[in-house]
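[1] can you look at this prediction? I've put the sequence above it.
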Amino acid sequence: MADLAGGTGDVASAGAAAGPLGEIYAADAEGIGTEEYEGIGSLAGWALWAAAAAVGYGIYAFRGEHLRKKLDEQKAGGAVPGPVVWVEDKYVTWRESIDRQVDKYTLPSSDQLLPDLPEEARSYTRTLVLDLDEVLMHSDWTRELGWRVYKRPGAEEFLRHLAQYYEIVIYTHQLYTYADPILERLDTGGGVSFRLYKDSCLWKEGRNMRDLARLNRDPKMVLFLTADPALSTLEDNVLELDKWKNDSDDTTLADLTPLLEAIVRNQVSDVRDVARSYKGQDVAKEYKARTRKMAEQRAARGGMGRRW
């Protein structure tokens, strides 16, 4: 006992003094060294990390409704003990609640962003969706002037003229309080049918996506004009423009107008066919090049060609 109190006795002598139980502990201590204890601790640590990673992946990869479906399948099979099912049910209920809160900030404000078209208008109404930034305007900041917003040349005329051919929708990631005063200055002719703001965007992978699938319009009748094609949830509906950076000599909107007119005049049944033919190209520049080429071909053969 004096050795134990003084800290000088070894484990074996302590075990002998303590009787049979002490002998067992002494034998265990002699059989398992410090390295093996550390190995077991390390293994347990890795197992804990693996379990945490699995839970984290489940939270990331699966929504509450998916987990609920899996839980219902488990209940129907009856292979999982009741207490485990109870715990899982509590977790899934919590997860569904979290998903509902997150959806308020990530999903568009409605599953149908635009009202229904009249039945008789659905067969011929084509919808032109326009991004705001770098398409119709450009914003810039300087130390001397602060934030300034610049209107793209021809923007007002573009909106006013194409309102004769399309249902025009502005779809921007900007807040209403920022974008609406700008649109009031741009849309002086009242050509824009609807304005969709940040609350109508889909938050995905760190970006405000334009969720064209929720427009409540036939995708065959929708074109999306943007300087950033990756913002569209429907890639086959995109007409891409180069970003406008306050070039006062820019003629892009005027150059593009004949193509958009031709789509309607020729009653193209699926506008995605036109969009696909310009995929990955600046549509205004490419259209001008094609127009010149077709003019040369018509002159050579004395006939008429396709306008897009």
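    The structure has been received and is ready for your questions.
[2] from residue 92, how far off is the nearest residue to residue 192 once chain neighbours are set aside?
    Nearest residue to residue 192 in three dimensions, chain neighbours excluded: residue 168, at 5.0 Å (CB to CB, 6 or more residues apart in numbering). C-beta: built from backbone N, CA, C; applies to glycine. Separation of residue 168 from residue 92 (CB to CB, to the nearest Å): 44 Å.
[3] same question, residue 253
    51 Å.
[4] which of the two has more residues huddled nearby?
    More crowded of residue 253 and residue 92, by other CB atoms under 10 Å: residue 253, with 24 against 20.
[5] so the protein: which segments form each domain?
    Per the record, the chain has its domains at 63-106, 124-301, by automatic domain parsing.
[6] mind putting those domains into CSV with mean pLDDT?
    Below are the domains of the chain laid out as CSV (pLDDT from 0 to 100):
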stretch, mean pLDDT
domain 63-106, 68
domain 124-301, 95
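[7] now render those as TSV, adding distance to residue 116.
    Formatted as TSV, the domains of the chain follow (distance: least, CB to CB, whole Å):
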stretch	distance to residue 116
domain 63-106	24
domain 124-301	7
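[8] among those, which is the most enclosed?
    Most buried of the domains of the chain by mean neighbour count (mean count of other CB atoms under 10 Å) is domain 124-301; its value is a mean of 17.
[9] quick one: distance of that domain to the chain centre.
    19 Å (CA atoms, centre = their mean, to the nearest Å).
[10] how about the strands in the stretch 201-308 of the chain?
    202-204, 207-209, 222-226, 238-240 (DSSP state E, counting those that start in this stretch).
[11] likewise the stretch 51-200 of the chain?
    Using DSSP E, counting those that start in this stretch, strands in the stretch 51-200 of the chain cover 127-130, 137-142, 146-151, 167-171, 192-196.
[12] quick one: the second one to strand 146-151, angle?
    Inter-element angle recorded for strand 137-142 and strand 146-151: 160 degrees (by axes from the mean of the first three to the mean of the last three CA atoms, to 10 degrees).
[13] of all the strands of the stretch 51-200 of the chain, which lies closest to residue 204?
    For residue 204, the closest of these is strand 167-171, at 14.9 Å, according to CB to CB.
[14] measure the residue nearest to residue 190 when sequence neighbours are not counted to residue 227 for me?
    Leaving aside its sequence neighbours, residue 190 sits nearest to residue 163 (CB to CB, 6+ apart; 7.7 Å). Going from residue 163 to residue 227 by CB to CB gives 21 Å.
[15] to residue 193, which of the strands of the stretch 201-308 of the chain lies closest?
    Judged by CB to CB, the one of the strands of the stretch 201-308 of the chain that comes nearest to residue 193 is strand 222-226, at 12.9 Å.
[16] what does the closest one contact?
    Residues from elsewhere that reach strand 222-226 (CB atoms under 8 Å, 6 or more residues apart in numbering): 126-131, 135, 171, 210, 212, 215, 232, 234, 237-241, 256, 260, 263, 271, 274-275, 283.
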